[in-house]
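*Asks:* quick one: sequence plus predicted model below, questions after.
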Amino acid sequence: MESPLSGERDSRPSDSAPSHWVRWHQPYDDPQSSLSLRLRTVQSMVRDVLDGVPASHPEPIRIVSLCAGQGRDVIDVVSAHRRGPEVSALLVELDPALAAFARDRAAAAGVADQVRVVEGDASLSRWYADDVPADLVLVCGVFGNISSADITATIDPLLRGLLDSGLARPDPLHLGIDTDARGAVRDAAGRPASDIVALGPPLRGRWYETTAIPEIRDQAAALARHLVTRLHRAQRGSAA
Ligand SMILES: C[S@@+](CC[C@H](N)C(=O)[O-])C[C@H]1O[C@@H](n2cnc3c(N)ncnc32)[C@H](O)[C@@H]1O
């Protein structure tokens, strides 16, 4: 079995076929796959968050990842970032083979003390009791796989939290939240965020027609172009 850091490790239990979610992760082993491109985008966003944590931030810098899968997004960044030793990350993952992969990867990367992997149902609030408020919460690869009702039940408290904390404000018509033309969420003072972007129905105050798939697809395409540009810029910066 290869090191989990090589990305080649087969996390399936020897006596059973790989689960659906283990198979879902297999394209991560190909650096050219779209999943690997997405991973590098997410990692650049995690890196940006750590870069932006003020030096005065009390330890630890808390990261929580729901439905964390193999945990490459958090583990690989924490293990390489100068603020990594200050991080306390909680990864919650239901699939035993994937949770084991994440644990092994964290140990191989030398961040087993910073990254705690819980094998459990991420919808149970008890896992998070000691890890909130968090500085960064990752919910990656989840909304494409749950029902609309569950998406709403997750998003509503998130929106409420953004509004209550001043990280977002209602749009002037109070139909949704206020953003700039690219969808960057404006905070209570009207400043567009660099790392909070809205798509679809929350933008009714700006576009009104923003609930049909073609409209959301156009917004997603514009956001994808922006993220890819940003990723290329970050890659050029790290290569310099
Ligand atoms: C689409 S994958 C995303 C994995 C990872 N966040 C990523 O972006 O690479 C969804 C993950 O959610 C996990 N999962 C599904 N239901 C879960 C639950 N109730 N609690 C925790 N994890 C769950 C699956 O095992 C799978 O690893």
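*Replies:* Received the coordinates, thanks. Since this is a predicted model, take the numbers as computed values, not measurements.

*Asks:* what average pLDDT does whichever strand or helix holds Q235 get?
*Replies:* Using DSSP states H and E, Q235 sits in helix 213-239. The average pLDDT within helix 213-239 is 79.

*Asks:* likewise stretch 169-187?
*Replies:* In the prediction, stretch 169-187 has an average pLDDT of 90.

*Asks:* then stretch 22-40?
*Replies:* 95.

*Asks:* for that stretch, buried residues please.
*Replies:* Buried residues in stretch 22-40, counted by 16 or more other C-beta atoms under 10 Å: V22, W24, H25, P27, Y28, S36, L37, R38, L39, R40. C-beta here means a position set from N, CA and C on the backbone, and glycine is covered the same way.

*Asks:* which strand or helix spans L98?
*Replies:* Using DSSP H and E, L98 falls in helix 96-108.

*Asks:* check which helices and strands the helix or strand just after that helix is in contact with.
*Replies:* Next helix or strand after helix 96-108 toward the C-terminus (DSSP H and E): strand 115-119. Contacts defined by 3 or more C-beta pairs under 8 Å, 6 or more residues apart in numbering; DSSP states H and E place strand 115-119 against helix 72-80, strand 87-93, helix 96-108.

*Asks:* the helix or strand following strand 115-119 and the ligand in contact?
*Replies:* Next in sequence after strand 115-119, counting helices and strands by DSSP H and E, comes strand 136-138. No. Judged by C-beta under 6 Å from any ligand atom, strand 136-138 makes no contact with the ligand; its nearest approach is 6.8 Å.

*Asks:* can you tell me the strand partners of strand 136-138 and which way each runs?
*Replies:* strand 61-66 (parallel) (DSSP bridges).

*Asks:* for the residue nearest the centre of the chain, give me its contacts.
*Replies:* The centroid of the chain falls nearest to L138 when counting by C-alpha atoms, centre = their mean (3.2 Å). By C-beta atoms under 8 Å, 6 or more residues apart in numbering, the contact list for L138 reads V42, V46, I63, V64, S65, L66, A68, D73, V74.

*Asks:* try it again at 10 Å.
*Replies:* 42, 45-46, 49, 63-68, 71, 73-74, 89, 91 (C-beta atoms under 10 Å, 6 or more residues apart in numbering).

*Asks:* quick check on P201: phi, psi?
*Replies:* With angles defined as degrees, to the nearest 10, P201 sits at phi -50, psi -30.

*Asks:* skipping its backbone neighbours, what lies nearest it in space?
*Replies:* T211 (5.3 Å; C-beta to C-beta, 6 or more residues apart in numbering).

*Asks:* next, count neighbours for that neighbour.
*Replies:* 12 (other C-beta atoms under 10 Å).
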